[in-house]
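Enquirer: Mind folding the following:
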Amino acid sequence: MTRILGISGSLRRLSFNTGLLRAAAELAPDGVSIDVMTLDGVPLYNGDVEAEHGPPASVVALKDAIAACDGLLLATPEYNNGIPGVFKNAIDWASRPPSDVPRVFGGRPVALVSASPGGFGAILSQTAWLPVLRALNMRPWFGSALAVSRAGALYSENGVLTDEPTRKRLADFVAGFSSFIGK
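Expert: I've put the predicted structure just below:
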C-alpha cells in the first residue's frame, strides 16, 4: 500500500484545497491511500518556545505524519501571489531542529496541487514552493500540473468537488504521482 499524506494549506472549513484533497482520497487508485491533514492547531513558530519547551504536540504529530508517509501532496492556496503564511509556518516548524530534516523531508516524493477562485488556479503559489522543497531536499514530481481555477463553480455548497472533468484530471494526477512514488 502506498501511503500519501495530503496537507491543506488553508484553515477554512470549506476550503477548496481541503476539498481537493478529500476528492483525491476518494479517487486514489487501488493500492493507494491518502490521509488528509489540515494545519489547525499549529502555532506561529517561535524559537524561544522551541528552546524552552521543544516543539508543540501539533508539530510533533505533523512531523511524524510526514515521516511516515511514502509521498507528500501539498494543496496550496495562493495569498498575494505566494505561499500562505500558515502553510509556510507549519513547514518551518516541521524543519526544526535542522538535524531532523533528513528524517522528515529528505528525499521524500512531493507533489503540489492548488485550487483558487481566481483565474490562474494558484499556480504562482506552486512555483513559490520550489525553493522550499529544494532546501528540504525533497523529490518533487513534475510529471503533471494541477491548478484548479474558478473553483467556486466546481464545488458543492458543502465543499465537495463535483466537476467531473476536474475530478478526472485529479484522478489522473494522483495515479501519476503514486507511480512516481513507486519508482
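
Enquirer: Need the residue closest to the centroid of this structure.
Expert: Centroid check for the chain by C-alpha atoms, centre = their mean gives residue 74 as the closest residue, at 1.5 Å.

Enquirer: which SS state does that residue fall under?
Expert: strand (DSSP: H, G, I helix; E, B strand; the rest coil).

Enquirer: Next: residue 147.
Expert: Following three-state DSSP, we place residue 147 in the strand state.

Enquirer: Let me see the contact set for it.
Expert: Counting by C-beta atoms under 8 Å, 6 or more residues apart in numbering, residue 147 touches 113-116, 120-123, 126. Glycine gets a C-beta too; all of them are placed from N, C-alpha and C.

Enquirer: May I have the helix ranked longest in the chain exported as PDB, CA atoms only?
Expert: In the chain, with assignment by DSSP state H, the single longest helix is helix 164-182. Extracted as PDB, the C-alpha positions of helix 164-182 are listed here (Å, rounded to 0.1, in the frame of the first residue of the first chain):
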ATOM      1  CA  GLU A 164     -16.400  15.700 -13.400                       C
ATOM      2  CA  PRO A 165     -13.700  17.000 -15.800                       C
ATOM      3  CA  THR A 166     -11.700  18.300 -12.800                       C
ATOM      4  CA  ARG A 167     -12.300  15.000 -10.900                       C
ATOM      5  CA  LYS A 168     -10.900  13.100 -13.900                       C
ATOM      6  CA  ARG A 169      -7.800  15.400 -14.000                       C
ATOM      7  CA  LEU A 170      -7.300  14.900 -10.300                       C
ATOM      8  CA  ALA A 171      -7.600  11.100 -10.600                       C
ATOM      9  CA  ASP A 172      -5.000  11.000 -13.400                       C
ATOM     10  CA  PHE A 173      -2.800  13.300 -11.300                       C
ATOM     11  CA  VAL A 174      -3.000  11.000  -8.200                       C
ATOM     12  CA  ALA A 175      -2.300   7.900 -10.400                       C
ATOM     13  CA  GLY A 176       0.700   9.600 -11.900                       C
ATOM     14  CA  PHE A 177       2.100  10.800  -8.600                       C
ATOM     15  CA  SER A 178       1.600   7.400  -7.000                       C
ATOM     16  CA  SER A 179       3.600   5.800  -9.900                       C
ATOM     17  CA  PHE A 180       6.400   8.300  -9.300                       C
ATOM     18  CA  ILE A 181       6.400   7.400  -5.600                       C
ATOM     19  CA  GLY A 182       6.800   3.700  -6.500                       C
END
